[in-house]
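A.B. asks: sequence and predicted structure below; questions after.
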Amino acid sequence: MSSATARIPFHLAFPVRDIAEARAFYGELLGCPEGRSAPEWVDFDFYGHQIVAHLAPDECGHRQSSAVDGHDVPVRHFGAILPMDQWQLMADKLVARGTKFVIEPYVRFKGEPGEQATMFFLDPSGNAIEMKSFADLSSLFAR
């Protein structure tokens, strides 16, 4: 299987303070279909990948950031790389819903290898999420 033609889905488990909040945020706001669940966890189809929100309130929130392109990027974060039209729709939806951004939607590394549209925001448990897009996806790993 070539990495250029097929991707293997990843699995990510992360803490949340409330399962109902996680369902509303990931399921309703971000549009991720729900999979299996139990009272202490719920999994979602996050753009073809499996993410699992586990009830663990004491482990929630991001604590450190790192400077990237003049912004303080949360060190612990996850997200998706969307086609540009989907990224713009997501940005517009989040803005319309009054989302408080850690880093508002913008294009970083302009004119450089790896130029990308990006935005950072927090889920209700303080987990940082980055949604990004590349005009040219072949520059995903550009140096």
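C.D. replies: Happy to help now that I have it.
A.B. asks: now what about the longest helix that the chain contains, what contacts it?
C.D. replies: Identified as the longest helix of the chain according to DSSP state H is helix 84-96. Defining contact as CB atoms under 8 Å, 6 or more residues apart in numbering, one finds that helix 84-96 is touched by 29-30, 82, 101, 105, 117, 119, 121, 131-135. Yep, even glycine has a C-beta here, placed from its N, CA and C like the rest.
A.B. asks: report the buried members of the residues you listed.
C.D. replies: With burial judged by 16 or more other CB atoms under 10 Å, the buried subset of these is 30, 82, 105, 117, 119, 121, 131, 132, 133, 134.
A.B. asks: quick check: the second one touching residue 47?
C.D. replies: It stands for residue 82. Yes - the criterion here is CB atoms under 8 Å, and residue 82 meets it with residue 47 at 7.3 Å.
A.B. asks: next, the angle from the helix or strand hosting residue 105 to helix 84-96.
C.D. replies: In the assignment (DSSP states H and E), residue 105 maps to strand 101-108. Interaxial angle, strand 101-108 versus helix 84-96 (axes from the mean of the first three to the mean of the last three CA atoms, to 10 degrees): 150 degrees.
A.B. asks: pLDDT of strand 101-108, averaged?
C.D. replies: Model confidence over strand 101-108, given as mean pLDDT, is 94.
A.B. asks: so where is this protein shaky, pLDDT-wise?
C.D. replies: Residues of the chain that meet the criterion pLDDT under 70 lie in 1-5.
A.B. asks: thank you, goodbye.
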